[in-house]
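J.: sequence and computational prediction follow.
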Amino acid sequence: MRRLIPYPLMMASLLLMWLLLAGFTVGQFIVGIGVALLAGQGLAALHPASPRLRRWDLIPKLIGIVLYDIVLSNIEVVKIIVTGDRRGRRAGFVNIPLELRDPIGLAILSVIVTSTPGTAWMDYDSSRSTVLLHVLDLVDEEAWVDTIKDRYEFLLREIFE
(Lines give C-alpha, C1' and ligand atoms only; values in the text may rest on other atoms or scores of the structure.)
Protein backbone atom coordinates (compact mmCIF):
# COMPACT_ATOMS: atom_id res chain seq x y z
CA MET A 1 0.00 0.00 0.00
CA ARG A 2 2.93 2.34 0.73
CA ARG A 3 4.07 2.03 -2.89
CA LEU A 4 0.64 2.99 -4.23
CA ILE A 5 0.12 5.84 -1.76
CA PRO A 6 3.62 7.02 -0.78
CA TYR A 7 2.54 10.40 0.65
CA PRO A 8 -1.01 10.00 1.99
CA LEU A 9 -1.29 13.43 3.62
CA MET A 10 -0.04 15.26 0.53
CA MET A 11 -2.27 13.21 -1.73
CA ALA A 12 -5.36 13.77 0.45
CA SER A 13 -4.61 17.51 0.52
CA LEU A 14 -4.24 17.57 -3.25
CA LEU A 15 -7.54 15.70 -3.68
CA LEU A 16 -9.30 18.11 -1.32
CA MET A 17 -7.86 21.13 -3.15
CA TRP A 18 -8.92 19.61 -6.48
CA LEU A 19 -12.48 19.17 -5.23
CA LEU A 20 -12.61 22.68 -3.79
CA LEU A 21 -11.49 24.17 -7.10
CA ALA A 22 -13.38 21.91 -9.53
CA GLY A 23 -16.52 21.11 -7.54
CA PHE A 24 -17.76 18.16 -5.53
CA THR A 25 -19.00 15.69 -8.14
CA VAL A 26 -18.35 11.99 -8.60
CA GLY A 27 -16.48 12.67 -11.85
CA GLN A 28 -14.23 15.29 -10.27
CA PHE A 29 -13.62 12.99 -7.31
CA ILE A 30 -12.39 10.24 -9.66
CA VAL A 31 -10.22 12.66 -11.65
CA GLY A 32 -8.87 14.13 -8.38
CA ILE A 33 -7.90 10.67 -7.15
CA GLY A 34 -6.07 10.06 -10.44
CA VAL A 35 -4.22 13.36 -10.20
CA ALA A 36 -3.29 12.70 -6.56
CA LEU A 37 -2.01 9.20 -7.40
CA LEU A 38 0.09 10.52 -10.30
CA ALA A 39 1.48 13.37 -8.19
CA GLY A 40 2.34 10.97 -5.38
CA GLN A 41 4.15 8.63 -7.76
CA GLY A 42 5.99 11.55 -9.34
CA LEU A 43 7.14 12.83 -5.96
CA ALA A 44 8.20 9.34 -4.86
CA ALA A 45 10.35 9.05 -7.99
CA LEU A 46 12.29 12.15 -6.89
CA HIS A 47 13.24 10.53 -3.54
CA PRO A 48 12.96 13.71 -1.45
CA ALA A 49 14.93 13.91 1.77
CA SER A 50 12.96 13.52 4.98
CA PRO A 51 13.32 16.46 7.35
CA ARG A 52 14.85 15.78 10.75
CA LEU A 53 13.11 18.07 13.19
CA ARG A 54 14.86 18.63 16.51
CA ARG A 55 12.39 21.08 18.04
CA TRP A 56 8.76 20.69 16.94
CA ASP A 57 7.67 23.10 19.65
CA LEU A 58 9.25 26.09 17.87
CA ILE A 59 7.30 25.63 14.63
CA PRO A 60 4.17 27.51 15.86
CA LYS A 61 6.38 30.37 17.05
CA LEU A 62 8.08 30.58 13.64
CA ILE A 63 4.71 30.50 11.86
CA GLY A 64 3.39 33.28 14.10
CA ILE A 65 6.43 35.48 13.49
CA VAL A 66 6.26 34.92 9.73
CA LEU A 67 2.53 35.68 9.55
CA TYR A 68 2.99 38.82 11.65
CA ASP A 69 5.87 40.00 9.43
CA ILE A 70 3.87 39.28 6.26
CA VAL A 71 0.95 41.38 7.50
CA LEU A 72 3.25 44.28 8.49
CA SER A 73 5.12 44.06 5.20
CA ASN A 74 1.85 44.09 3.24
CA ILE A 75 0.82 47.25 5.04
CA GLU A 76 4.17 48.95 4.33
CA VAL A 77 4.15 47.98 0.64
CA VAL A 78 0.57 49.23 0.24
CA LYS A 79 1.58 52.55 1.85
CA ILE A 80 4.45 52.91 -0.61
CA ILE A 81 2.26 52.09 -3.61
CA VAL A 82 -0.85 54.08 -2.62
CA THR A 83 0.86 57.24 -1.39
CA GLY A 84 3.50 57.24 -4.08
CA ASP A 85 5.93 58.58 -1.49
CA ARG A 86 9.32 57.53 -2.82
CA ARG A 87 11.39 60.13 -1.00
CA GLY A 88 14.24 58.48 0.88
CA ARG A 89 13.27 55.07 -0.42
CA ARG A 90 15.44 52.97 -2.62
CA ALA A 91 15.39 49.37 -3.69
CA GLY A 92 18.60 47.43 -3.33
CA PHE A 93 20.41 44.19 -2.71
CA VAL A 94 21.67 42.85 0.62
CA ASN A 95 24.18 40.05 1.12
CA ILE A 96 23.42 38.12 4.29
CA PRO A 97 25.85 35.58 5.77
CA LEU A 98 24.09 32.45 7.02
CA GLU A 99 25.06 29.79 9.52
CA LEU A 100 22.11 27.59 8.50
CA ARG A 101 23.29 24.60 6.46
CA ASP A 102 20.28 22.26 6.45
CA PRO A 103 18.84 22.15 2.88
CA ILE A 104 15.25 21.96 4.07
CA GLY A 105 15.82 24.84 6.49
CA LEU A 106 17.33 26.90 3.66
CA ALA A 107 14.36 26.07 1.43
CA ILE A 108 11.95 27.20 4.15
CA LEU A 109 13.95 30.40 4.68
CA SER A 110 13.73 31.13 0.94
CA VAL A 111 9.95 30.65 1.04
CA ILE A 112 9.65 32.92 4.09
CA VAL A 113 11.72 35.70 2.51
CA THR A 114 10.01 35.49 -0.87
CA SER A 115 6.49 35.32 0.59
CA THR A 116 7.09 38.52 2.54
CA PRO A 117 6.10 41.41 0.26
CA GLY A 118 8.95 43.74 -0.59
CA THR A 119 11.67 41.08 -0.43
CA ALA A 120 12.89 38.41 -2.80
CA TRP A 121 15.51 35.65 -2.44
CA MET A 122 17.80 36.18 -5.42
CA ASP A 123 20.79 33.88 -4.97
CA TYR A 124 22.41 31.51 -2.49
CA ASP A 125 26.17 31.03 -2.57
CA SER A 126 26.83 27.67 -0.88
CA SER A 127 30.61 28.11 -0.94
CA ARG A 128 30.42 31.34 1.10
CA SER A 129 27.07 30.50 2.74
CA THR A 130 25.53 33.85 1.86
CA VAL A 131 22.16 34.77 0.47
CA LEU A 132 21.48 37.73 -1.80
CA LEU A 133 18.15 39.43 -1.12
CA HIS A 134 16.40 42.13 -3.08
CA VAL A 135 14.60 44.60 -0.83
CA LEU A 136 12.00 47.08 -2.07
CA ASP A 137 12.64 49.64 0.67
CA LEU A 138 16.29 49.32 1.66
CA VAL A 139 16.97 51.89 4.37
CA ASP A 140 19.40 50.04 6.63
CA GLU A 141 21.28 46.97 5.38
CA GLU A 142 22.38 45.96 8.88
CA ALA A 143 18.77 45.95 10.05
CA TRP A 144 17.91 43.46 7.30
CA VAL A 145 20.83 41.24 8.24
CA ASP A 146 19.73 41.29 11.88
CA THR A 147 16.10 40.61 10.94
CA ILE A 148 16.90 37.55 8.83
CA LYS A 149 19.44 36.15 11.25
CA ASP A 150 17.61 36.85 14.53
CA ARG A 151 13.99 36.29 13.54
CA TYR A 152 14.18 33.46 10.99
CA GLU A 153 17.58 31.82 10.79
CA PHE A 154 17.90 31.39 14.55
CA LEU A 155 14.58 29.54 14.82
CA LEU A 156 15.24 27.46 11.71
CA ARG A 157 18.61 26.38 13.11
CA GLU A 158 16.93 25.41 16.37
CA ILE A 159 14.29 23.41 14.51
CA PHE A 160 16.50 21.62 11.98
CA GLU A 161 20.10 21.55 13.24
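T.: Nice, thanks for sending it over. Numbers count the residues shown, from 1 in each chain.

J.: quick check: closest non-adjacent residue to Asp102.
T.: Closest residue to Asp102 apart from its sequence neighbours, by CB to CB, 6 or more residues apart in numbering: Phe160 at 4.1 Å. Every C-beta, even on glycine, is put in place using the N, C-alpha and C of the backbone.

J.: next, give phi and psi for the one you found.
T.: The phi/psi pair for Phe160 (degrees, to the nearest 10) reads phi -100, psi -20.

J.: going forward can the numbers begin at 53, since that is how I track them
T.: Let's use 53 as the start, then, which means that last one is Phe212.

J.: that one and Ile156, how far apart?
T.: Plainly put, Phe212 is 6 Å away from Ile156 if you go by CB to CB, to the nearest Å.

J.: what pLDDT does the residue minimising distance to the centre of the chain get?
T.: The centre of the chain sits closest to Val163, judged by CA atoms, centre = their mean, with a distance of 2.2 Å. Per-residue confidence at Val163 stands at 93 (pLDDT).

J.: show me the strands in this protein, by range?
T.: 144-149, 171-177, 182-187 (DSSP state E).

J.: can you tell me the closest non-neighbouring residue to Trp108?
T.: Ile211 (7.8 Å).

J.: what of Leu105?
T.: Nearest residue to Leu105 in three dimensions, chain neighbours excluded: Ile211, at 5.9 Å (CB to CB, 6+ apart).

J.: so the one you found makes contact with Ile111?
T.: Yes. Look at Ile211 against Ile111 with CB atoms under 8 Å: they come within range, at 6.4 Å.

J.: out of the two, which sits in the busier spot?
T.: Counted by other CB atoms under 10 Å, Ile211 and Ile111 do not tie: Ile211 has more neighbours, with 22 against 12.
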